[in-house]
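A.B. asks: Structure, please.
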Amino acid sequence: MVKIASRDVIDSVIGSALPGVVLTYTNPPPAPIPARVGFKYFQLDSIGPYWDGIKGSKVVSVYVPDEITDVKLEMYAVKP
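C.D. replies: The predicted structure is shown next:
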């Protein structure tokens, strides 16, 4: 499972099987993000201690396990 957290806690999130920032699949993506064929879109939950850690450090760490292959990640920020 993909994990997202700040750089200072990502190793403990992975090692302790903690959830990290909650990801929610969203289809179609929110405007103004362009929908592209073959892409999957996820929204990050901006509430909780893992997100607070990202805001404080200003660094997003993403862990993708080896069994998920051929991955290309893009991140978009959308103002509410």
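
A.B. asks: hey, let's count contacts and neighbours off CA atoms from now on
C.D. replies: OK.

A.B. asks: what packs against the longest helix seen in the chain?
C.D. replies: Of all the segments assigned as helix in the chain under DSSP state H, the longest by residue count is helix 49-57. Here helix 49-57 touches strand 3-5, going by 3 or more C-alpha pairs under 8 Å, 6 or more residues apart in numbering; DSSP states H and E.

A.B. asks: Name the residues that touch the helix or strand following the strand it packs on?
C.D. replies: Next helix or strand after strand 3-5 toward the C-terminus (DSSP states H and E): helix 10-15. Under the criterion C-alpha atoms under 8 Å, 6 or more residues apart in numbering, residues 3-5, 18-20, 61-63 lie in contact with helix 10-15.

A.B. asks: Which residues does the helix or strand just after helix 10-15 contact?
C.D. replies: Moving toward the C-terminus from helix 10-15, the first helix or strand encountered (DSSP H and E) is strand 23-25. Residues outside strand 23-25 that contact it (C-alpha under 8 Å, 6+ apart) are 40-45.

A.B. asks: Now the buried members of those.
C.D. replies: With burial judged by 16 or more other C-alpha atoms under 10 Å, the buried subset of the contacts of strand 23-25 is 41, 43.

A.B. asks: if you look at the contacts of strand 23-25, which of them are in strands?
C.D. replies: Counting by DSSP state E, the contacts of strand 23-25 place 42-44 in strands.
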